[in-house]
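Visitor: no sequence for this one, just the structure:
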């Protein structure tokens, strides 16, 4: 028994379809290429949009922070130094806490994304090698189990 995995039908089956429908192979390759280009364009657009939104968030956060600090300074200059110091200091404290939170969230989010991508790649590799299913929770365990099975 022969196993085959890939983006196209088995070569013998592809040859059979080509004989039945001349030009089939070219059409299926063109279709796969078109799909790959479409997916890459969507990914490129998603990354560009994400970057744009991140920059807008930075600009908006900086604008609000600067406005609050300037407001605190103006309050202090117009005869209320304690109120000015409290409002300016509160903004600086909130900014530092917010930046720390964003950094921690971003680090955890990127780590989860890397783990998910590694699992997907491990599954695809195992399937392309005809090895069957991969343990969703521990891809390494599946690889060891298969080595032990041999």
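Guide: In hand now; what should we look at? Predicted model only: the values in this text are computed from it and were never measured.
Visitor: all contacts plus neighbour counts: C-alpha atoms, from now on.
Guide: Fine.
Visitor: where's residue 55 relative to residue 49, distance?
Guide: Separation of residue 55 from residue 49 (Cα to Cα, to the nearest Å): 10 Å.
Visitor: Kindly report the same for residue 35.
Guide: Distance from residue 35 to residue 49, by Cα to Cα: 21 Å.
Visitor: Low-confidence stretches in the chain?
Guide: Counting by pLDDT under 70, the chain contains low-confidence ranges at 1, 4, 128-150.
Visitor: State the helix or strand in which the residue nearest the centre of it lies.
Guide: In the chain, the residue lying closest to the centroid (Cα atoms, centre = their mean) is residue 113, at 5.8 Å. For residue 113, the enclosing helix or strand under DSSP states H and E is helix 81-128.
Visitor: relative to helix 81-128, how tilted is the longest helix seen in the chain?
Guide: Longest helix in the chain, counting residues (DSSP state H): helix 24-77. Helix 24-77 and helix 81-128 meet at an angle of 170 degrees, taking axes from the mean of the first three to the mean of the last three Cα atoms, to 10 degrees as the criterion.
Visitor: helices and strands around helix 24-77, which ones?
Guide: Applying 3 or more Cα pairs under 8 Å, 6 or more residues apart in numbering; DSSP states H and E, one finds that helix 24-77 contacts helix 11-20, helix 81-128.
Visitor: How far does it sit from its chain's centre?
Guide: 12 Å (Cα atoms, centre = their mean, to the nearest Å).
Visitor: do stretch 68-81 as well
Guide: Between the centre of stretch 68-81 and the centre of its chain there are 43 Å (Cα atoms, centre = their mean).
Visitor: Residues contacting that stretch, please?
Guide: Applying Cα atoms under 8 Å, 6 or more residues apart in numbering, the external contacts of stretch 68-81 come out as 82-88, 91-92.
Visitor: Just say helix, strand or coil for the residue lying farthest from the centre of the chain.
Guide: In the chain, the greatest distance from the average C-alpha position (Cα atoms, centre = their mean) is reached by residue 79, at 50.8 Å. With DSSP: H, G, I helix; E, B strand; the rest coil as the basis, residue 79 sits in coil.
Visitor: For it, grab phi and psi.
Guide: Backbone geometry at residue 79, expressed as degrees, to the nearest 10, gives phi 100, psi 10.
Visitor: again with residue 10
Guide: Dihedral angles for residue 10 - degrees, to the nearest 10 - are phi -50, psi 140.
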